[in-house]
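J.: Dropping a prediction and its sequence here:
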Amino acid sequence: MDNRFAQQMKKGVLDMIVLKLISEKDTYGYELLQELEKRGDGFFDLKEGTLYPVLYRLEDGGLIEASWKNGEGRTVPKKYYRITEDGRKLFAEYRDIWSRFSTCVERICGEEEP
């Protein structure tokens with residue numbers, strides 16, 4: 001498999017996927033990494049150095065908001081992210097573009113009919 005192609009594909013959809021996961025529930029970075037790995041069947045096995053710049057960019061763009069929350073017991077406070085209304089709107093746009101894009105690519109590159 002061409003690893004560079006896979007990396008570019010991941011990079012192209014990461015904002016959309018992160019917005020989707022945060023729209024489901026307020027979450028923190030490590031939890032996002034775990035969820036990406038689990039739901040992506042290992043395809044989205046990201047390092048923190050890949051995810052956190054995405055989170056910072058989304059936060060700087062007003063698409064997500066962050067707040068610190070204490071865990072139960074003696075755990076260290078965690079930075080939780082929640083999606084904003086602008087983030088929800090942009091996710092809907094991304095989802096529409098992705099739907100049209102994937103349909104088009106499948107039409108062009110999909111299996112030929114016998």
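T.: That came in fine, so what should we check first?
J.: Next, find the distance separating the residue sitting nearest the centre point of the chain from Ile108.
T.: Centroid check for the chain by C-alpha atoms, centre = their mean gives Val18 as the closest residue, at 2.0 Å. For Val18, the distance to Ile108 (C-beta to C-beta, to the nearest Å) stands at 28 Å. (Glycine included, C-beta is placed from N, CA and C.)
J.: what does Asp15 give?
T.: For Asp15, the distance to Ile108 equals 24 Å [C-beta to C-beta].
J.: Quick one: mean pLDDT over the top helix by length along the chain.
T.: Taking DSSP state H as the criterion, the chain has its longest helix at helix 85-109. The average of the pLDDT scores along helix 85-109 is 96.
J.: Pull the residues that contact it.
T.: For helix 85-109, the surrounding residues in contact (C-beta atoms under 8 Å, 6 or more residues apart in numbering) are 13, 15-16, 19-20, 22-23, 58, 61-64, 83.
J.: Could you rerun that using 10 Å?
T.: Contact with helix 85-109 is made by 12-13, 15-20, 22-23, 58-59, 61-65, 81, 83-84, 110, as judged by C-beta atoms under 10 Å, 6 or more residues apart in numbering.
J.: Give me the buried entries from those residues.
T.: 15-19, 22, 58-59, 63-64, 81, 83-84 (16 or more other C-beta atoms under 10 Å).
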